[in-house]
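Structure for this input, please:
(chains A, B, C and D)
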Number of protein chains: 2
Amino acid sequence: MRSDALANREALLDAARRVFGSRSCGVALAAVAEEAGTGIATLYRHFPTRDDLVRSVVLDLAERFVAIEARYDAELSMEPERAWRALVHELAALRPGALLPELFELFAKEGVPEYARQVVARVNESQDRLIERARAAGLVRDGIDGVAFQVGLAAVTRPLSEVPGHVCAGAESWLVDVYLRGLRPDADRP
Amino acid sequence: MRSDALANREALLDAARRVFGSRSCGVALAAVAEEAGTGIATLYRHFPTRDDLVRSVVLDLAERFVAIEARYDAELSMEPERAWRALVHELAALRPGALLPELFELFAKEGVPEYARQVVARVNESQDRLIERARAAGLVRDGIDGVAFQVGLAAVTRPLSEVPGHVCAGAESWLVDVYLRGLRPDADRP
DNA sequence: CTGAAACGGAGGGTTTCTATCCGTTACTAC
DNA sequence: GTAGTAACGGATAGAAACCCTCCGTTTCAG
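Next comes the predicted model:
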């Protein structure tokens, strides 16, 4: 693969993650190409259909999730509270909100390649292990599993509106902190 | 106004609140008419432009908010904790998530009638008083005002996706509870 | 019962998005 | 350095979705 082609592919994936995350997965593909600084034809050359692009973005995001979680592995043992907070803020900064429904939708269809299923299985596993550790450290209450955590994270990072130049961007940091507090077990009432 | 016209108007407002809330404010107006069980022409007769409809829905929602808050006025003094939780769940059940951006957007434009501004001012006032009471009862921590509460409530009741028959409807009740916990002051660390 | 107000939905007109084509650019291998 | 080819860009045809009006039919109220 030629070097410029590879760089464009990366730029497109990045742009798609940003645009999908801040507006919606239904935006015009021209907006993605513009954000990436490429022509529309280049987008179609790398991702022939919209599903190809969305699926690639979802998989890319899943791999980033796993990487972030792996990076905090040691710190989670030493300083659980600080690490947990920093970790969740990093996940939130990727703005996965708009992509969660696509995850459900895409993998409900047929023709999903095997390696994609493996990536998703891996992120689920990683997530479950993570929540279990946070629970053990007293940072997450019983009854929250990996999927629930994911849904909640999507809720607080979901774009507020698909209108481009909108006032409220969503995914504000204080909201993530409220979410983190909300996940904790009750100190006063067991 | 003829009785059937009035009934249709109400049905359209109700339908619009449901459809906007569960999908997005950008849905085709035909979907709203269908949900209301009327023809598309009836919708246009009552609400000549999309903005007319959205503005009416927003105002209707604001009035429902004020009404709900008024209804809990006494109970909030007697049983703050239970009342606060029930109240917020009732507000969440109206699924205001998708409408908050529209509120900002519509009232940023010109030509908003005076009575509409009054309704919005009233709901803001009501909201602020409410948060203040919850704060006094130790149910909400410092630093959360009416607008922040509103944004958070929007986040947890926002539709997950604009795709019609989607898996995840959002606004799940457990998420509202997580939000309520997240708003509380820290018991362990002051 | 009669007149007028309201209704329904088909369809034309317009906007928006998709996806391809082909002349131009720029990387790589020799 | 140059030739060959892979990749690029943007204009644009074609398709889809949506808006909103028109007019024949229905329903309310006096």
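
Compute the mean per-residue pLDDT across stretch A:101-108, please.
Per-residue pLDDT over stretch A:101-108 has a mean of 80.

ok, residue A:3 - contacts?
If you count contacts by Cβ atoms under 8 Å, 6 or more residues apart in numbering or on different chains, residue A:3 has none. (Each C-beta comes from the backbone N, C-alpha and C, glycine too.)

Same question for the one 10 residues further on.
Counting by Cβ under 8 Å, 6+ apart, residue A:13 makes contact with A:56-57, A:60.

which parts of the helix or strand harbouring it are buried?
Using DSSP states H and E, residue A:13 sits within helix A:3-22. By neighbour count on 16 or more other Cβ atoms under 10 Å in any protein chain shown, the buried set for helix A:3-22 is A:8-9, A:11-13, A:15-22.

before we move on, what about stretch A:58-74?
Within stretch A:58-74, judged by 16+ other Cβ under 10 Å, the buried ones are A:58-62, A:64-66, A:68-69, A:72.

Say whether chain B is contacted by that stretch.
No. Residues of stretch A:58-74 contacting chain B under Cβ under 8 Å from any Cβ of the partner chain: none, with a closest distance of 13.2 Å.

What are the contacting residues of that stretch?
Outside of stretch A:58-74, the residues that reach it under the criterion Cβ under 8 Å, 6+ apart are A:13, A:17, A:83, A:86-87, A:90-91, A:94, A:96, A:99, A:102-103, A:106, A:116, A:119-120, A:122-123, A:126-127, A:130.

Which ones among the residues you listed map onto helices?
By the criterion of DSSP state H, membership of the contacts of stretch A:58-74 in helices covers A:13, A:17, A:83, A:86-87, A:90-91, A:99, A:102-103, A:106, A:116, A:119-120, A:122-123, A:126-127, A:130.

hmm, the lowest-mean-pLDDT helix or strand in chain A touching chain B?
Every helix and strand in chain A was compared by mean pLDDT, DSSP states H and E; the lowest is helix A:99-108, with a mean of 82. Yes. Among the residues of helix A:99-108, A:100-102, A:104-105, A:108 lie within reach of chain B under Cβ under 8 Å from any Cβ.

what's the closest of these to residue B:181?
Each of the residues of helix A:99-108 next to chain B was scored against residue B:181 by Cβ to Cβ, and residue A:100 proved nearest at 21.8 Å.

That closest one: how many residues sit nearby?
For residue A:100, the number of neighbouring residues by other Cβ atoms under 10 Å in any protein chain shown comes to 23.

Enumerate every residue touching it.
For residue A:100, the contacting residues are A:150-151, A:154, B:160, B:168, taking Cβ under 8 Å, 6+ apart as the criterion.

I'd like those laid out as a markdown table, including secondary structure and pLDDT.
Rendered in a markdown table, the data for the contacts of residue A:100 read as follows (DSSP: H, G, I helix; E, B strand; the rest coil; pLDDT from 0 to 100):
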| residue | secondary structure | pLDDT |
| --- | --- | --- |
| A:150 | helix | 93 |
| A:151 | helix | 91 |
| A:154 | helix | 93 |
| B:160 | coil | 77 |
| B:168 | coil | 50 |
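
which among those end up buried?
Buried members of these, scored by 16+ other Cβ under 10 Å, are A:150-151, A:154, B:160, B:168.

Name the nearest of these relative to residue A:137.
Nearest to residue A:137 among those, counting by Cβ to Cβ, is residue A:150 at 19.2 Å.

mind checking which helix or strand the closest residue to chain B within chain A is in?
Proximity of chain A to chain B (Cβ to the nearest Cβ) peaks at residue A:182, 3.0 Å away. When elements are assigned from DSSP H and E, residue A:182 belongs to helix A:173-183.

helices or strands up against that helix?
In this structure, helix A:173-183 makes packing contacts with helix A:80-93, helix A:146-157, helix B:146-157, helix B:173-183, judged by 3 or more Cβ pairs under 8 Å, 6 or more residues apart in numbering or on different chains; DSSP states H and E.

redo that, cut-off 10 Å
Taking 3 or more Cβ pairs under 10 Å, 6 or more residues apart in numbering or on different chains; DSSP states H and E as the contact definition, the neighbouring helices and strands of helix A:173-183 are helix A:80-93, helix A:114-136, helix A:146-157, helix B:146-157, helix B:173-183.

DNA strand C: which of the ones you listed is closest?
DNA strand C sits nearest to helix A:114-136 of all those, at 20.0 Å, using Cβ to the nearest atom of the strand.

Show me what from chain A comes close to DNA strand D.
A:1-2, A:4-5, A:8, A:37-42, A:45-46 (Cβ under 7 Å from any atom of the strand).

Report the two of the residues you listed separated the most.
The largest distance within the residues of chain A next to DNA strand D, taken as Cβ to Cβ, falls between A:1 and A:40 and amounts to 20.4 Å.

between those two, who's got more neighbours?
More crowded of residue A:1 and residue A:40, by other Cβ under 10 Å: residue A:40, with 14 against 6.

Tell me who's in contact with that one.
A:28-34 (Cβ atoms under 10 Å, 6 or more residues apart in numbering or on different chains).

Go again with 6 Å.
Taking Cβ atoms under 6 Å, 6 or more residues apart in numbering or on different chains as the definition of contact, the neighbours of residue A:40 are A:30, A:33.

so what's it scoring on pLDDT?
The predicted local confidence for residue A:40 comes out at a pLDDT of 98.

For residue A:111, see how far away residue A:87 is.
Per Cβ to Cβ, to the nearest Å, residue A:87 is found 34 Å from residue A:111.

out of the two, which sits in the more crowded spot?
Neighbours per residue (other Cβ under 10 Å) separate residue A:87 from residue A:111, with residue A:87 holding more: 19 against 5.

hang on, the earlier thing: could you dump the buried ones among the contacts of residue A:100 to TSV with distance to residue A:134?
As requested, the buried ones among the contacts of residue A:100 are arranged in TSV below (distance: Cβ to Cβ, whole Å):
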residue	distance to residue A:134
A:150	13
A:151	16
A:154	18
B:160	24
B:168	23
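
Alright, calling it a day.
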